[in-house]
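>>> I'll drop the sequence and a predicted model, then ask my questions.
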Amino acid sequence: MSSNSIEKNYLLKMTKKLFVKTHGCQMNEYDSAKMIDLLKAEEDFELVDSEDQADLLILNTCSIREKAQERVFHQIGRWRKIKEVKPDLKIAIGGCVASQEGEKIIKRAPSVDIVFGPQSLHNLPKLYKDKDSTNKPQVDISFPKLEKFDHIPMPDRGEASAFVSIVEGCNKYCSFCVVPKTRGHEVSRNVEDILKEVTILAEKGTKEIHFLGQNVNNFKGLYKGEISSLAKLIELTAEIENIERIRFTTSHPHEFKDDLVETYAKVPELVSHVHLPVQSGSDRILKLMRRRYTAEKYLILIDKLKKVRPDMRFSSDFIVGFPGETKQDFTDTMNIINEVKFDESYSFIYSARPDTPAAIMEDDVSQVEKKERLNILQARLNQLSYGYSRKMVGSLQKCLVTGISKKDPGQLQGRTICDRVVNFRSDSIDLVGQLINIRINDALPNCLRGSIQN
């Protein structure tokens, strides 16, 4: 065997295999991508699409919904069987459940090697090395503010649409939410650092930037030594060459200030879609939720946005069956749905999260009643959404081509400026990342169908 062949085989053996599974929100997707970049850069990992191939399995967790912990331990149980066959395999648990449970994960599941929180993901390469050298479980669920952004590599590739995290943590302490405990207090990145990341993405082909934060519209990053705002950040981002669309998630209605509303009149790159969680239409329930606004204030905000951007579309979040929710409270929620006519929404039956004020509130609404209310609410939301889709049939929409269709590899997928998914037939993968005109031909329950128009 030649020396070149020996060296090649040695390098192949040295390259470690990484598999990452992500639960939860877009912030978790962003964090998972950064974990992969870190491990590739510092530990010579390569990503694989099979759990059985991996030397390191990472589960990035979410704790928002009921039974989140059990979902994690079920996954650990499945991975433990792989580890029985491959004893050198390492299992790492990150994200919000990891932050919430900490060492309890390892006590309950000794097959886990590493536990780390969302704010300590930059320490993952060190945790991996320490586990390797000491053979002792490693736990880091600290909250070192924005330290992770000093260690995460800048993007080495561009995508049609890219997430960029600008705010970490949350200070709102809604009574039902565990995020402040799992992701820490709210901190904002410096504007210059964000613009540097956006510029690199734009140079590598990214056309759309999607800013992320648990409370993204309360962004207060420093710019040239002074506190800035999301509105200012959007204006600066729109000036970067090749950036043609800008989105942000998730907004809190209480923090949606007038300067941000006015940005929709000044920045055409800002898309005509806002995700604005209302949670309930009942002022009584909103107060119990600690949401800091009333239904009337929410509707005033909706009207302001419609005035500056008449084609604006709204999506929202709803919690059904919050402790003590009466029939009148639920009627109030249906009233706000009918008033706003949301384009798309996410709705769930309330689930108690550990160590939150709502978890100890008296709940006298039966599960049967909660499910019935959820069915009524979702049926109305689906009706509204499908109605919007049908109205778009025949229209010409400028769409950003984001990739291959998830359901049909013979089609490409794009998004309209109001965030509707459009699938269309094309043989040219080169269209990904381009803005093109598509004629909408058909409306399906979860997407639109169209054809390219020159």
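Arrived safely, thanks for sending. Owing to the predicted nature of the structure, the values given are computational and were not obtained by experimental measurement.

>>> what number of residues are in the vicinity of His74?
11 (other C-beta atoms under 10 Å). All C-beta spots, glycine's among them, are computed from the backbone N, C-alpha and C.

>>> helix or strand for it, which one?
helix 68-85 (DSSP states H and E).

>>> that helix: how far from the chain's middle?
Offset of helix 68-85 from its chain centre (C-alpha atoms, centre = their mean, to the nearest Å): 24 Å.

>>> and the helix or strand just after that helix, what does it pack against?
The first helix or strand that comes after helix 68-85 along the chain, using DSSP H and E, is strand 90-95. Strand 90-95 sits against helix 26-43, strand 56-61, helix 68-85, strand 114-116, helix 124-134, with contacts defined as 3 or more C-beta pairs under 8 Å, 6 or more residues apart in numbering; DSSP states H and E.

>>> let me have those in CSV, extended by distance to Arg108 and mean pLDDT.
Putting these into CSV (distance: least, C-beta to C-beta, whole Å; pLDDT from 0 to 100) gives the following:
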stretch, distance to Arg108, mean pLDDT
helix 26-43, 22, 90
strand 56-61, 14, 96
helix 68-85, 7, 92
strand 114-116, 11, 96
helix 124-134, 18, 93
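
>>> which residues are in contact with the closest residue to Ser188 other than its chain neighbours?
Leaving aside its sequence neighbours, Ser188 sits nearest to Gly221 (C-beta to C-beta, 6 or more residues apart in numbering; 4.0 Å). Neighbouring residues of Gly221 by C-beta atoms under 8 Å, 6 or more residues apart in numbering: Ile166, Ser188, Arg189, Asn190, Val191, Ile194, Ile227, Ser228, Leu233.

>>> now the buried members of those.
Buried by 16 or more other C-beta atoms under 10 Å: Ile166, Ser188, Arg189, Asn190, Val191, Ile194, Ser228, Leu233, out of those.

>>> was I right to think the third one contacts Phe149?
Okay, so that is Arg189. Yes: counting by C-beta atoms under 8 Å, Arg189 does reach Phe149; the two are 6.0 Å apart.

>>> buried residues, stretch 96-114. List them.
In stretch 96-114, counting by 16+ other C-beta under 10 Å, buried: 96-102, 105-106, 109, 111-114.

>>> and stretch 318-334, by the same measure?
For stretch 318-334, a neighbour-count test (16+ other C-beta under 10 Å) marks Phe318, Ile319, Val320, Gly321, Phe322, Pro323, Glu325, Asp329, Phe330, Asp332, Thr333 as buried.

>>> separation between Thr416 and Arg313?
9 Å (C-beta to C-beta, to the nearest Å).

>>> on that earlier part again, any chance of the buried residues of stretch 318-334 in CSV, with secondary structure too?
Shown next, in CSV, are the buried residues of stretch 318-334 (DSSP: H, G, I helix; E, B strand; the rest coil):
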residue, secondary structure
Phe318, strand
Ile319, strand
Val320, strand
Gly321, coil
Phe322, coil
Pro323, coil
Glu325, coil
Asp329, helix
Phe330, helix
Asp332, helix
Thr333, helix
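
>>> residues contacting Lys21?
By C-beta under 8 Å, 6+ apart, the neighbours of Lys21 are Leu57, Ile58, Leu59, Asn60, Gln75.
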